[in-house]
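Q: got a sequence here, can you build the structure:
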Amino acid sequence: MAASCVSLLAVVVLFFCLSAHAVDRSNFKTCHQSSFCQRQRELKPGQSPYRALLDTLELSNSRLALQLINDNNKVRLLLELYRLQGNMTRLKINELKPLKPRYEVPDVLMADPLTEPLSVVVQDENGLVLSLGGAEQRLILNARPFRLDIIEGPQVLMSVNSRGLLAFEHLRARKDTKSESDTEETAGQENVGQQIDEIIEDEEKPGMWEEVFKTHSDSKPDGPSSISLDFSLPGVEHIYGIPEHADTLKLKNTDGSDPYRLYNLDVFQYELHNPMALYGSVPVLISHSTERTMGLFWLNAAETWVDISTSSAGQTMFGKMLDFVPGSSEAPQTDVRWMSESGIIDVFIMLGPKPTGRLHSVRFTHRAVDQGFDEHDIPYDFIWLDIEHTDGKRYFTWDPSNFPQPKDMLQGLMDKRRKLVAIVDPHIKVDSDYKIHSEIRSKNLYVKNKDGGDYEGWCWPGNAGYPDFTNPDMRAWWSSMFAYDQYEGSMENQHIWNDMNEPSVFNGPEVTMHKDALHGVWEHRDVHNLYGLYVQKATADGLIQRSRGVERPFVLTRAFFAGSQRYGAVWTGDNAAEWGHLKISIPMCLSLGLVGISFCGADVGGFFKHPSAELLVRWYQAGAYQPFFRAHAHLDTPRREPWLFGLENTALIREAIRQRYALLPHWYQLFYNTHHTGQPVMRPLWVEYPEDMVTFAIEDEYLLGKDLLVHPVTDEGAKGVTVYLPGKHEVWFDVHTFEKHDGAQTLYLPVAMSSIPVFQRGGSIICRKDRIRRSSSCMESDPYTLYVALSSQASAEGELYIDDFHSFNYEKKEFIHRRLSFSDGTLTSRNLAPDSQFSTSSWIEKIVIIGGVQPSSVTLTTADGAETALEFDFDSETAVLTLRKPGVNAGADWSVRLR
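A: All right, here's what the predicted structure looks like:
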C-alpha cells in the first residue's frame, strides 16, 4: 500500500509550545484586500468578450486546439481540449504568445492521463460538436461568445463560460518602463498567421504592479497575471470539497460574502463556519445530485478563490447547431467560479457515473507517559516529540540535556514494540555552526528574496532560512539527511512529522512567505500551495531511502495539496477545546476524504484551551472512529493524560481506545481498498446512498467504508442523538447491543457517557481482533473474530487483508486477501489473490452471526475436506449465534455450514 496506509493511528497525547491566542482576522486578507480577487469580482456575469477562432482549429486523435481572442483587448489565448479515460475532459487555456512562460503545476499527477479519441460530429460557422464517447455524450463549442456545454442526450451536464466570466490577465510590460524596443517586441509576439492584432491594454488599477498589505509590500515585477473561469451545473444544489475550511460539508453560497479561499496559511485557533483559508488546499470540487456525481479539478498552485452561487437553471441555446436543449426554469443550478492569481487554466472535468490508527503519545518526560499508559492498561503505538526535543530548535538534532542517548529511548520503545515520531520543520536556523544550514547555503538551495539573496524570515529558531523544496536537488539532499549515518541517534522505529510547512513565516505577510520570493525562475506566488506537499514528499522519500526501499514511511503534514495522500497523513491544525471544534472535525475530514486525502484526523481534546472531562471523553470516543487519531495539546494547557480525570473517565477513554484497536483489521482493509480504488475511508452517507436526498447534507454521522455507520456524540450534556439509518431495504445492527433497526428511518437513540453510537450494516462481515494488547504490533499474530451481520435475505459478505504491516513487500504479491461470504446457511472463505505468496500464524478464533436463527448443528469443512463439529451458543433475545474456536488459519480456504 501507499505510504498513506502505513499507520492506522489511534491516539496521540502531544504537547506543543507557542503563544495561545484566538485567530487575529486582521492578519489575513479578505477578497477585497486581495487586489486580483477584487479585480476579478468586479467582472460581472454577462456576454463574454472572448470568441473562438474556428479557422485556427487543429484536431488530432485525442487533442483539439484552437485560438480564442478577447475582442476588447485583442489578446489571443490557446485553448486545448483532451478527452481522457475515465469519462474525463481536460481543458487548458494559456496565452498564445506570453512575454515569458506561465507556471504549469508539475509533480502532482502521477503520470500523464491516458487519452481517448476525439472526433468532430458537426461543425459550422457558429461552432462545433465533439463526441465524448458513448452514443449521447457531446461537447458543444460555441464560437461567439466562446462557451462550452457538455450534454448527454437532451440533458446539459455542465456549461463553461456560460456566465462570461473567463478572464485572463496577460503578461505585459509596465507602461512607465516600456521602451520603444519593448513595444516592437510585444507587437511581434502578437503577430499570428496573417493577422496582426494591436493589443489594447486594460485600464491600470491599484494593486496590479505593487500591492501592500499591512506593512508588507509585494513588488509584482510581472504585473497582473490572474485568471478566472466559470462553470454552471444545471440540476445541482449540493456541492462539496475544496478543503481546507472549518465549515459545513455542503459548500455554501458565497453571494454577498467572501469566496472560499485556497491559500496555505498558519492559522491557529481558527474560527468556525467561514471560508477563510487554512493550512492546506485541494482545488477539487464535487457536485452530487440524484442523477449524477461530477467533479472539477483546478490544477493551479497559486492563491485561489472560489465563488459559489445557486440559482434556477434557464434554457440553454447553442446557435444554429442545436435549436434548443430543454431546461427547467424552476430547476436548481449551481454556478462555480475559480479565480487564481497566476499560472494557467488547467482543469479536469470529471463527468462521473450516474448513481447506481494506532495510539501515539508525547511529552518531554516520555518515560512517565509511557509507563502511565501501561499502568492504566491503555494501548498506544507512538510517542511524539515536538520542537523542544532538538538542540536549540535545530532539526535533525537532539537536546543534549533531555535526550542525551536517543537510541536508548528508541530501543526502549522498540522493546515494547512501539515507535516514535519526531518533528522536522522546513525552517532552518541561520547558524554557521549548524551543519544543515551550512550545507544548504553552500549548495545554494535556499529560496531567494526578490533581490537574489537567501530569503530569511522569523520562525521557532529565530532567524531562519527556507529550503527551496521545488528544486529536485534540494529534495534529494533533504531526503539524504534521514539516513541513519546523517540523522544521528535515529533508528528504524522513528518516523517524522512536518509542521509549519505552509510555509509559516512569523514576520511575513499573512504569516507566510513573500509572494515575490524566488524559487529559481518562478515566484513564490506561482508555487505557494505546493510547498508543503514538496516538504512531505522529500521527507517520505528520505524515510524510504534509509531502509533501501523496504519500509513504508509515516509522515504527518499540516500543509497539503492535491496528491499529498501519496506521502502520509494530515490533521486539521490548531483547533480549540470547544464543542464546536469537536463537531466541525467531522465535515472537515469528510471533505478531505472526498478529494482523496483519507488519512485525516483532528487534535483530540483540542490544541488550545482546556477541555472539560465530558468534552475530552466525547472527543476520544469520536476520534477513535476517525482515520487519524491523536490527542494534541498546547504546552501551557493543564496536563490531560487519560488517567488524570478520575477513574470513571479513565475507564471511558480506555474503552474508546480499545474499540479502536479491536477494529484495526477493518481499518487496514479499508485503507487497502482506498489504495486501490480511491474511495474514502471515512465517507458521507450519500456516497453509498446516492439517490437518498436525506443524506446529501448530513454531516454529524458518516460511514467507515460501506459497512459501519458512526454517529459520535458531539453536544454537551446530550441525553440522546438523532440517527438517520439509510437504505430502504437495509437493516442495521447496533454493534454494542446487536439490536436490529430497519433502514430509511430516523432513530432517536438515548445515550449515556459510555455511548458511542455505531451500527453495522446487515449484509456485511467485519473482521476484528478482540484481544487488545499494549500496541498494535503486539497484536499482529493474534486471532481474528468475524462479525457476520445478516441482511434481510440472510446473506453477508466482507474481506480480510493481511500483509506484514510495515514493508513494501505487498508490491511483490506478499499478502493475503480473502473473500468472506455467507449465503444459504454457509460461511466461506476463498482466496482473492491466488498468485500471492504470504503466510500468517493468525487464526479464526470466533465467529459471531448477528440476526440469525438457532441451528441444530454447525460443521467446519477445511480445504482438505475434513469436517469438524463446532460448539456454538445462541442468544434468542438478541438473535446472536456465536461459533467458538473454529481454529482455522486466517489465510486458508474453509467453510462453515449451519443446519
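
Q: W298 against S340, yeah?
A: Yes - the criterion here is CB atoms under 8 Å, and W298 meets it with S340 at 7.4 Å. C-beta coordinates here come from the backbone N, C-alpha and C atoms, glycine included.

Q: which residues are in contact with each of those two?
A: Shared contacts of W298 and S340, defined by CB atoms under 8 Å, 6 or more residues apart in numbering, comprise T304.

Q: out of those two, which sits in the busier spot?
A: When W298 and S340 are compared for neighbours, S340 comes out ahead with 28 against 25, by other CB atoms under 10 Å.

Q: that one touches I227, doesn't it?
A: Yes - in terms of CB under 8 Å, S340 counts as a neighbour of I227; the distance is 5.4 Å.

Q: list the residues that contact both of those two?
A: When contacts are counted by CB under 8 Å, 6+ apart, S340 and I227 are jointly contacted by N300.

Q: what about I584, which helix or strand?
A: I584 is part of helix 579-594, with elements assigned from DSSP states H and E.

Q: and that helix, which residues are buried?
A: Using 16 or more other CB atoms under 10 Å as the test for burial, helix 579-594 gives 579, 581-594.

Q: would you map the strands across the stretch 251-400 of the chain?
A: Ranges of strands in the stretch 251-400 of the chain, per DSSP state E, counting those that start in this stretch, are 260-262, 284-288, 293-298, 304-312, 316-318, 322-325, 332-340, 345-350, 360-361, 382-385.

Q: deepest-packed of these, please.
A: Comparing the strands of the stretch 251-400 of the chain by mean neighbour count (mean count of other CB atoms under 10 Å), strand 360-361 ranks first with a mean of 28.

Q: sorry, back to before: quick check: what element follows the helix holding I584 along the chain?
A: As assigned by DSSP H and E, the chain's next helix or strand after helix 579-594 is strand 600-601.

Q: what pairs with that following strand, parallel or antiparallel?
A: Pairing partners of strand 600-601, with direction, according to DSSP bridges: strand 569-571 (parallel).

Q: run through who's touching the strand it pairs with.
A: The set of residues that contact strand 569-571 without belonging to it, under CB under 8 Å, 6+ apart, is 4, 7, 9, 280, 554-558, 560, 564, 592, 597, 599-603, 627-628, 630, 632.

Q: coming back round to it: save the strands of the stretch 251-400 of the chain as CSV, and put in distance to N444 too.
A: Conversion of the strands of the stretch 251-400 of the chain to CSV gives the following (distance: least, CB to CB, whole Å):
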stretch, distance to N444
strand 260-262, 31
strand 284-288, 35
strand 293-298, 33
strand 304-312, 31
strand 316-318, 55
strand 322-325, 58
strand 332-340, 30
strand 345-350, 30
strand 360-361, 37
strand 382-385, 31
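
Q: in terms of mean pLDDT, which of those strands ranks lowest?
A: Note on those: lowest mean pLDDT is at strand 360-361, with a mean of 34.

Q: please enumerate the helices of the stretch 51-200 of the chain.
A: 180-189 (DSSP state H, counting those that start in this stretch).

Q: could you do the chain as well?
A: Listed from the start of the chain, the chain has helices (DSSP state H) covering 35-42, 180-189, 366-375, 406-415, 435-442, 472-480, 524-527, 531-546, 579-594, 613-623, 647-662, 664-677, 685-688.

Q: who touches the most centrally placed residue in the chain in this structure?
A: Taking CA atoms, centre = their mean, the centroid of the chain lies closest to I597, which sits 2.5 Å from it. When contacts are counted by CB under 8 Å, 6+ apart, I597 touches 243, 282, 560, 564-565, 570.

Q: how does it look with 10 Å?
A: With contacts taken as CB atoms under 10 Å, 6 or more residues apart in numbering, I597 has the following neighbours: 4, 243-244, 280, 282, 284, 560-566, 568-570, 589, 591, 627, 680.

Q: circling back to that earlier point, closest to V121 out of the strands of the stretch 251-400 of the chain?
A: Checking the strands of the stretch 251-400 of the chain against V121 by CB to CB gives strand 322-325 as the closest, at 11.2 Å.

Q: ramachandran coordinates for T512?
A: Dihedral angles phi and psi of T512 (degrees, to the nearest 10) take the values phi -150, psi -170.

Q: that one and R525 touch, don't they?
A: No - the pair formed by T512 and R525 falls short of the contact definition of CB atoms under 10 Å, at 11.1 Å.

Q: closest one to L786 out of the buried residues of helix 579-594, please.
A: Proximity of the buried residues of helix 579-594 to L786 (CB to CB) peaks at G593, which lies at 26.3 Å.

Q: identify the residues contacting that closest one.
A: Neighbouring residues of G593 by CB under 10 Å, 6+ apart: 243, 565, 599-600, 627, 674, 679-684, 687, 702.

Q: residue boundaries of the strands in the stretch 751-899 of the chain?
A: 758-761, 764-768, 784-789, 796-802, 816-823, 826-831, 844-850, 858-862, 867-869, 871-875, 880-884, 894-898.

Q: where does P638 land on pLDDT?
A: 69.

Q: tell me where the stretch 101-250 of the chain has strands.
A: Under the criterion DSSP E, counting those that start in this stretch, the stretch 101-250 of the chain contains strands at 119-124, 127-131, 137-142, 147-152, 155-160, 167-168, 191-192, 195-196, 211-213, 216-218, 227-234, 238-241.

Q: in the sheet, which strands lie alongside the longest one, parallel or antiparallel?
A: Using DSSP bridges, strand 227-234 pairs in its sheet with strand 155-160 (antiparallel), strand 167-168 (antiparallel), strand 332-340 (antiparallel).

Q: with just CA atoms, put it into PDB.
A: Taking C-alpha atoms only, strand 227-234 is exported to PDB below (Å, rounded to 0.1, in the frame of the first residue of the first chain):
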ATOM      1  CA  ILE A 227      -7.100  34.000 -14.300                       C
ATOM      2  CA  SER A 228     -10.800  33.200 -13.900                       C
ATOM      3  CA  LEU A 229     -13.300  30.800 -15.400                       C
ATOM      4  CA  ASP A 230     -16.900  29.900 -14.500                       C
ATOM      5  CA  PHE A 231     -18.700  26.600 -14.600                       C
ATOM      6  CA  SER A 232     -22.500  26.100 -14.400                       C
ATOM      7  CA  LEU A 233     -24.100  22.900 -13.100                       C
ATOM      8  CA  PRO A 234     -27.800  22.600 -14.000                       C
END
